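[1] Quick one, structure for this:
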Amino acid sequence: MAEKLAKDIMNKEVITISQDASIEELSQLLLTNKISGVPVLDQEGQMVGIVTEGDIIVQDTDLHFPSYFKLLDSIIYLESLSKFKKSLKKHLATKVEDIMTAEVVSVDEDSTVNNVANIMTQKNINRVPVLGQDKKLVGIITRADIVKSMIKE
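    This is a model prediction of the structure:
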């Protein structure tokens, strides 16, 4: 029996959002569709990121200012300043592109389900966009899809 591929179990009707959409529009989209994350597309339909409920929740958390000390006329940060800048950007965000994760883990439609499951486990992610040969978004696989495929075997 041939091993199942991503294209065999992926959801082909992917709910997406524009990078220019507001955080409010994103929240409404997630609530209406009872989902926790969506791929983000640019004006040409290319996937440019992924955004989740967790990215929205970050806006409601306290902003942690990095520890520092002054030495002569300089400020030396003891923690990552770039991490703080990224967090600050998310706190002040008004558009989806400001809070999305731009480095998206994705798979090809011919990836095996076993490979997809390994990636999701290793990267600790709940969904993986599936790209076609032209690198366009053709589907999405969630952890639930992996479990369903195991039951059907």
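[2] counting contacts, what elements does the lowest-mean-pLDDT helix or strand in the chain pack onto?
    Least confident helix or strand of the chain, by mean pLDDT, DSSP states H and E, is helix 81-91 with a mean of 74. Packing partners of helix 81-91 (3 or more CB pairs under 8 Å, 6 or more residues apart in numbering; DSSP states H and E): helix 96-99. Just so you know, the C-beta spots here come from the backbone N, C-alpha and C atoms, and that holds for glycine as well.
[3] Please state the offset of the helix it packs on from the chain centre?
    11 Å (CA atoms, centre = their mean, to the nearest Å).
[4] which helices and strands does that helix pack with?
    helix 23-33, strand 47-52, helix 81-91.
[5] So what touches whichever helix or strand comes after that helix?
    Moving toward the C-terminus from helix 96-99, the next helix or strand (DSSP states H and E) is strand 107-108. Applying CB atoms under 8 Å, 6 or more residues apart in numbering, the contact partners of strand 107-108 are 6, 115-116, 119, 128-131, 133, 141.
[6] Check the residues you listed for burial and list the buried ones.
    Buried by 16 or more other CB atoms under 10 Å: 6, 116, 119, 128-131, 141, out of the contacts of strand 107-108.
[7] how much space between residue 68 and residue 77?
    5 Å (CB to CB, to the nearest Å).
[8] before we move on, back to that, could you tell me how far the least confident helix or strand of the chain lies from the centre of the chain?
    Using CA atoms, centre = their mean, the distance between the centre of helix 81-91 and that of its chain works out at 17 Å.
[9] Tell me which residue is most central in the protein.
    Against the mean C-alpha coordinate of the chain, by CA atoms, centre = their mean, the closest residue is residue 50 at 3.2 Å.
[10] I'd like to know how far that residue sits from residue 41.
    Computed with CB to CB, the distance linking residue 50 and residue 41 is 10 Å.
[11] Wait, residue 46 touches residue 134, no?
    No: here residue 46 does not reach residue 134: they are 10.1 Å apart, not a contact under CB atoms under 8 Å.
[12] I'd like the distance between the residue located most distally from the centre of the chain and residue 81.
    In the chain, the residue that sits farthest from the middle, by CA atoms, centre = their mean, is residue 72; the gap is 42.2 Å. Computed as CB to CB, the residue 72 to residue 81 distance reads 18 Å.
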